[in-house]
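> This is a predicted model, with the sequence first.
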Number of protein chains: 2
Amino acid sequence: MADYRKLWESLDMDLEKHDQLCAVLPEFYGDIYLSQENRPEGMNYYNFVVSEIHGFRIQELAEHRKKGGKVFGSFCIYVPDELIVAAGAIGVGLCGGSDFWIPDGEKVLPRNICPLIKASVGAKISGTCPYFQSADILVGETTCDGKKKAWEILGKYTPIHVMDLPQMKRGKDKIHWIDELKIFKDLVEKMTGNEITEEKLKEAVKLINEKRRVLQRLYNTRKSEVLPISGKDALLITQIAFYDDPKRFIEKTSELCEELEDRIKKGISVFEENTPRILVTGTPMAIPNWKLHHIIETSGGAVVCEETCTGIRYFERLVKEAESIEEQMEAIADRYLSINCACFTPNDGRIEDIIRLYKEYKADGVVYYNLPFCHTYAVEYNKVKEALDNEGIPVIMIESDYSLQDVGQIKTRLEAFFEMIKTSK
Amino acid sequence: MADYRKLWESLDMDLEKHDQLCAVLPEFYGDIYLSQENRPEGMNYYNFVVSEIHGFRIQELAEHRKKGGKVFGSFCIYVPDELIVAAGAIGVGLCGGSDFWIPDGEKVLPRNICPLIKASVGAKISGTCPYFQSADILVGETTCDGKKKAWEILGKYTPIHVMDLPQMKRGKDKIHWIDELKIFKDLVEKMTGNEITEEKLKEAVKLINEKRRVLQRLYNTRKSEVLPISGKDALLITQIAFYDDPKRFIEKTSELCEELEDRIKKGISVFEENTPRILVTGTPMAIPNWKLHHIIETSGGAVVCEETCTGIRYFERLVKEAESIEEQMEAIADRYLSINCACFTPNDGRIEDIIRLYKEYKADGVVYYNLPFCHTYAVEYNKVKEALDNEGIPVIMIESDYSLQDVGQIKTRLEAFFEMIKTSK
């Protein structure tokens, strides 16, 4: 790894604390990822990205900023990448997936709040996440109580803009959301000094749609009876999609897809025959939160799809290509409002998605993953379970944070769940 | 107490389970309320109301319904009483303040969610709250994640309408909120069959403002150096305001106010001199949640004001009287949007309120009360504490549910807090 200390220093990072973080990640990644057998060759690119997670890409952001470019940090798939890209800016997902940041988050937040929020805030205020440090502005949203209020605290440390996502999906809510997109567009134009023209927006829509298409292609390989890639590798790729350069990401992921499609033809699977196929649904998993996937795939299961924000919800629906700015803005609004997050009431579309994906991915069971204290997903479990019971689809709820204390217990529960699936098959 | 069993039966209540509830409340109330010395005579009315909490008022609701009248149940001070009253309907606050209902709530909700929500849902599905059973429709809102999603579950058992409260207070949010009020107005008119005319709405606005004024008058007596009423009695009165007949409530509370004002003239206080005066701020307290006030007032403190939804926020601001329906609807929107709930971002108005009330009520310290897992208020504590520290105002955070297990620990913490206040006075 190149020496990035000067870069990190220029970003006002806490180098000593950051060293502690950098010291643990490689072994952690090695144990979970590099230990896998028969990985696709194409995963080497993502290994490289992870090994350079606080280096190479941060360098690119620094070069972009040196030329006057802006970086927008975000936490949520409702923040429209298209508008950021159309103004020549870069959008990056922010840190929030490690226990490492939680003690710092708990300095300003209550303990009984979602670990993703505590880790995000901790990552910023500890000065150990170079993505936070590279962002000229953070873009928050009102998708949950915890985040909505945490932005107010983050706002003490860094500029932040909050988008008010409606809580329903009626006609009036779409109008409200289009307004919110316009406010964001104005902000992006003002910050970058670049006008978002019809042409620029069209190009950006095309690019982001292309990124979505390559992820769809990747996920399509997981529908096969022959599973050419592990669930945790697929998760990693989606996680990386949040901050990698879109063009490079598309190119590298296309290459991988070719390899995976070839594997399917040749019948090369990374799992034994009859491994229970699991659809994971629920709350997002930020890097390096690979805990649930790792437990599933070392307990006799294979993850075939994620109905989460770091899965299907991120890329399943495309923005309709349109002409005028107004039509394009409406198409963007439609696409983002079509995401079925538990923050909406009602949110029956998510139940339809889960049942549909269960069938499309030939899953044998559903693991409902919930970050502790995420009320929207936790409460919604009641309706999801009822619907899955009606369909005869096995489901288990796993609520877990980033600590490793409950790994044994989760493993035991999942092994019993997989056993039950196998015997009833 | 009259025999209401037939009435309860007609409301499809679980009589056996309800008997268990009725068996514990009188002793609980007696210990907390009737044990107080030197209570104002006027409290007898509220004693009566509590003793008849599932009887007399329920009988009134039943008679109203027999004549074709409708009852609207609600959980939140953003639901506009004016529109309900203007259509000749009755609005009542719903149950949710007792541990008794929590096991039933936990049958359908996660355990790590606010006790108010669990108790409310439990009260409905256990069939032991006659207010729930008397409501023709429940009116929910999107003030927090837990409630927003709990309505979906409640909706399986009873008709429910959800109002989408915006999360910010910009011009566009006001427009959105006026729309939401119009949708609610249409619903109320449709359900009752009564048109909400200019005149009817004016009358309703006047009536509800009058109810607010009498509560303001009550609270004004607590600004006096001589405290003529305990904090827990004042809390009880506000709680009763949510479901009592408005006209009777105004009359009875006016009578009490005269007595209290007379007490002030005569120097009759219910507390010893130099008792630390406490402003309580935070989450709502539904009947029979008198826990915090009881602990404070048996640990050497006196509660002088509640900056909560079962306090000041419920009545401090009036609806401006206006002419046309449009102007009146806007005035109603303005009034409700002026409430400073932690569900808004930002919510700096609440900080201003706390500091102002602290001064107006000559408080010596602030107790920040939080129901567990209420993220909005829990996270907002960070900014409130910072502001109070800057003002040199002592503050302590008490997070507590309805169980009695932590009473000793809270008492110890509060005694130390009051001691600290006294020595620094």
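Arrived safely. Numbers count the residues shown, from 1 in each chain, chains lettered A, B, ... in the order given.

> contacting residues for the one residue in the stretch 51-200 of chain A that gets nearest to chain B?
Closest to chain B within the stretch 51-200 of chain A is residue A:149: 3.6 Å, counting by Cβ to the nearest Cβ. C-beta here means a position set from N, CA and C on the backbone, and glycine is covered the same way. Applying Cβ atoms under 8 Å, 6 or more residues apart in numbering or on different chains, we find residue A:149 in contact with B:342, B:345, B:375, B:376, B:379, B:380.

> so which of these are also by chain A?
Contacts with chain A within the contacts of residue A:149, as defined by Cβ under 8 Å from any Cβ of the partner chain: B:342, B:345, B:375, B:376, B:379, B:380.

> Among the residues you listed, which are located in strands?
When DSSP state E defines the strands, the subset of the ones next to chain A among the contacts of residue A:149 inside them is empty.

> got these as CSV, with distance to residue B:5 and pLDDT columns?
Formatted as CSV, these follow (distance: Cβ to Cβ, whole Å; pLDDT from 0 to 100):
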residue, distance to residue B:5, pLDDT
B:342, 42, 98
B:345, 48, 98
B:375, 41, 98
B:376, 41, 98
B:379, 46, 98
B:380, 45, 98
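
> show me the contacts for residue A:247.
Here residue A:247 is in contact with residue A:207 (Cβ under 8 Å, 6+ apart).

> quick one: which two of the ones next to chain A among the contacts of residue A:149 are the most distant?
B:345 and B:375 (11.9 Å; Cβ to Cβ).

> The two - which one has more neighbours?
Set residue B:345 next to residue B:375 and count neighbours by other Cβ atoms under 10 Å in any protein chain shown: residue B:375 wins out with 30 against 24.

> residues contacting that one?
Residue B:375 touches A:110, A:113, A:144, A:145, A:146, A:149, A:373, A:375, B:144, B:145, counting by Cβ under 8 Å, 6+ apart.

> if we take the residues you listed, which one ends up nearest to residue B:369?
Of the contacts of residue B:375, the one sitting nearest to residue B:369 (Cβ to Cβ) turns out to be residue A:110, at 13.7 Å.

> hang on, the closest one packs against residue B:381?
Yes. Here residue A:110 reaches residue B:381: they are 7.4 Å apart, a contact under Cβ atoms under 8 Å.

> Which of the helices or strands spans the residue most central in space within chain A?
Chain A has residue A:310 as the residue nearest its centroid, 2.8 Å off, counting by Cα atoms, centre = their mean. Residue A:310 is part of no helix or strand when elements are defined by DSSP states H and E.

> what does the model give it for pLDDT?
pLDDT recorded at residue A:310 is 98.

> now it: how far from residue A:320?
Computed as Cβ to Cβ, to the nearest Å, the residue A:310 to residue A:320 distance reads 24 Å.

> Would you state the strands of chain A in chain order?
Using DSSP E, strands in chain A cover A:71-74, A:90-93, A:137-141, A:160-163, A:277-282, A:302-307, A:365-370, A:395-399.

> Please save the CA atoms from the fourth one in PDB.
Below are the C-alpha coordinates for strand A:160-163, written out as PDB (Å, rounded to 0.1, in the frame of the first residue of the first chain):
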ATOM      1  CA  ILE A 160     -25.000  19.100   6.100                       C
ATOM      2  CA  HIS A 161     -28.100  19.300   3.900                       C
ATOM      3  CA  VAL A 162     -31.200  17.200   4.800                       C
ATOM      4  CA  MET A 163     -33.800  16.000   2.200                       C
END
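
> what helices or strands is it leaning on?
When contacts are defined as 3 or more Cβ pairs under 8 Å, 6 or more residues apart in numbering or on different chains; DSSP states H and E, strand A:160-163 sits against strand A:137-141, helix A:145-154, helix A:171-192.

> Can you check which helix is longest in chain A?
Criterion DSSP state H: the longest helix present in chain A is helix A:198-221.

> for it, which positions count as buried?
A:200-202, A:204-205, A:207-212, A:214-215, A:217-219, A:221 (16 or more other Cβ atoms under 10 Å in any protein chain shown).

> cool, and stretch A:170-179?
For stretch A:170-179, by 16+ other Cβ under 10 Å, it's A:172, A:173, A:174, A:175, A:176, A:177, A:178, A:179.

> one step back: kindly reformat the helices and strands packed on strand A:160-163 as TSV containing distance to residue B:190 and mean pLDDT.
TSV is the format used below for the helices and strands packed on strand A:160-163 (distance: least, Cβ to Cβ, whole Å; pLDDT from 0 to 100):
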stretch	distance to residue B:190	mean pLDDT
strand A:137-141	34	97
helix A:145-154	32	97
helix A:171-192	18	97
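
> Can you say which of those is packed in most?
helix A:145-154 (a mean of 25; mean count of other Cβ atoms under 10 Å in any protein chain shown).

> what inclination does that one have with respect to helix B:145-154?
For helix A:145-154 against helix B:145-154, the angle by axes from the mean of the first three to the mean of the last three Cα atoms, to 10 degrees is 170 degrees.
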